[in-house]
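Enquirer: this one's sequence-less:
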């Protein structure tokens, strides 16, 4: 059973547009939700993370929106740039011993 | 460098051979994680170390997989009698509990079983 479901699988956005990636989870014990960015040939790098006690967290152009009742969270990339083109993964953890990752979204920002 | 390093970066092996993958975490990081990433897919959690102990090994795909960590530092992931389905990128990450559990990933080892 997939613990974290991520959509869409791929996304094409024009430069300056908003990229939105969604994730859903089932385990209500999850209490830490990070997003990772991965460039080809590199390991993932932490982008932004949220705890369920807040509904939104913003860092620069990146925002996480969190809906606890719906068990969903999403990543918004404002003013998307070609340099943002990468694969994005959401993840969830309840005890920091195990992290469950989504299947990834390949973002392509067209100039 | 100060980041997580992994070796080798690439490994091609014949089916049935054993392989060892190495991870050098960031100095002082007490937690260490191994993941498997198949082509075009997400990360699959394999095992977690707190210090030199692995409290939960249930993520290891089969008994052909084992891992150890020594000196609260280097970790080795061993795959015995490799199979073609073991072909993937194996990623290691480390974190400091006091630092809020942010995981720092290494570049991975690309394993190809022929």
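Expert: Good, I have the coordinates. Being a predicted model, the structure only gives us computed values, none of them experimental.

Enquirer: OK, contacts around the nearest residue to residue B:114 once chain neighbours are set aside?
Expert: Across the structure, with C-beta to C-beta, 6 or more residues apart in numbering or on different chains as the measure, the residue nearest residue B:114 apart from its sequence neighbours is residue B:14 (5.8 Å). To be clear about C-beta, it is placed using only N, CA and C from the backbone, and glycine gets the same treatment. Under the criterion of C-beta atoms under 8 Å, 6 or more residues apart in numbering or on different chains, the contact list for residue B:14 reads B:82, B:113, B:114.

Enquirer: pull out the buried members of these.
Expert: Neighbour-count burial within those applies to B:82, B:113; the criterion is 16 or more other C-beta atoms under 10 Å in any protein chain shown.

Enquirer: and stretch A:66-79, end to end?
Expert: The stretch stretch A:66-79 measures 20 Å between its terminal residues, going by C-alpha to C-alpha, to the nearest Å.

Enquirer: how about the strands of chain B, start to end?
Expert: Using DSSP state E, the strands found in chain B span residues B:5-7, B:10-13, B:19-24, B:31-37, B:43-50, B:65-69, B:75-79, B:88-95, B:104-105, B:109-113.

Enquirer: spell out which parts of chain B neighbour chain A.
Expert: Counting by C-beta under 8 Å from any C-beta of the partner chain, chain B comes close to chain A at B:4, B:31, B:33, B:35, B:40-45, B:48, B:50, B:55-56, B:59, B:91, B:93, B:95, B:97, B:101-108.

Enquirer: between the contacts of residue B:14, which is nearest chain A?
Expert: Chain A has its nearest neighbour among those in residue B:113, at 19.9 Å by C-beta to the nearest C-beta.

Enquirer: look up the residues forming beta bridges with the closest one.
Expert: The residues listed as beta-bridge partners of residue B:113 by DSSP bridges are residue B:13.

Enquirer: rewinding a little: need the strands of chain B in a markdown table (columns: mean pLDDT).
Expert: Supplementary listing: those in a markdown table, determined by pLDDT from 0 to 100:
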| stretch | mean pLDDT |
| --- | --- |
| strand B:5-7 | 97 |
| strand B:10-13 | 97 |
| strand B:19-24 | 98 |
| strand B:31-37 | 94 |
| strand B:43-50 | 92 |
| strand B:65-69 | 97 |
| strand B:75-79 | 98 |
| strand B:88-95 | 95 |
| strand B:104-105 | 92 |
| strand B:109-113 | 97 |
